[in-house]
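>>> coords below, sequence missing:
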C-alpha cells in the first residue's frame, strides 16, 4: 500500500487521490519517490527505495505480459469495478478494486425516473 500511495501522491487523478486519502486515513507512512513519470492511458511509475514501481491499469499488464492469475481479481473486474495494479520490479505485487458509491440523492432521482417510466442506465 505504501509504495502505491508513494507514486499516487504525485498524481492529480481522482483515483490516485482516493488511494492516497485511504493510506493517510490508515496512517500508512508514505515513502519518497524519485524519477516519477506519468504514462498516459496506463498509469504512473517511479523509483522507491531502489525498486522500480508502477501503478497501472490493466493496459500496462498486457504490455509487460503479466497475467492475472488471481480469480478474485478477475471476479471484481467482471463486477465492473475499477482495478488498479501495483507492479514492483516487473512482478505483480498487488491490486486495488475501486467502485463508486451511489449518493442518496442519485438513488432518489433514479427512483423518480423509473416511476415516470424512464429507463436509466449507469
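Happy to help now that I have it. In this text, all values refer to a predicted model and were calculated from it rather than measured experimentally.
>>> need the helices for the chain, in chain order.
In the chain, the segments counted as helices under DSSP state H are 2-8, 14-25, 58-63, 71-78, 104-115.
>>> And the shortest one, what's buried?
Along helix 58-63, these residues count as buried under the neighbour rule (16 or more other CB atoms under 10 Å): 58, 60-61. Using the backbone N, CA and C atoms, a C-beta is placed for each residue, glycine as well.
>>> Tell me the pLDDT of residue 13.
In the prediction, the pLDDT value recorded for residue 13 is 83.
>>> residue contacts, it?
The neighbourhood of residue 13, defined by CB atoms under 8 Å, 6 or more residues apart in numbering, contains no residues.
>>> can you tell me which residues contact the most centrally placed residue in the chain?
What sits nearest the mean C-alpha location of the chain, by CA atoms, centre = their mean, is residue 84, with 3.3 Å. Going by CB under 8 Å, 6+ apart, residue 84 touches 4, 15, 19, 43, 55-57, 95-96, 98.
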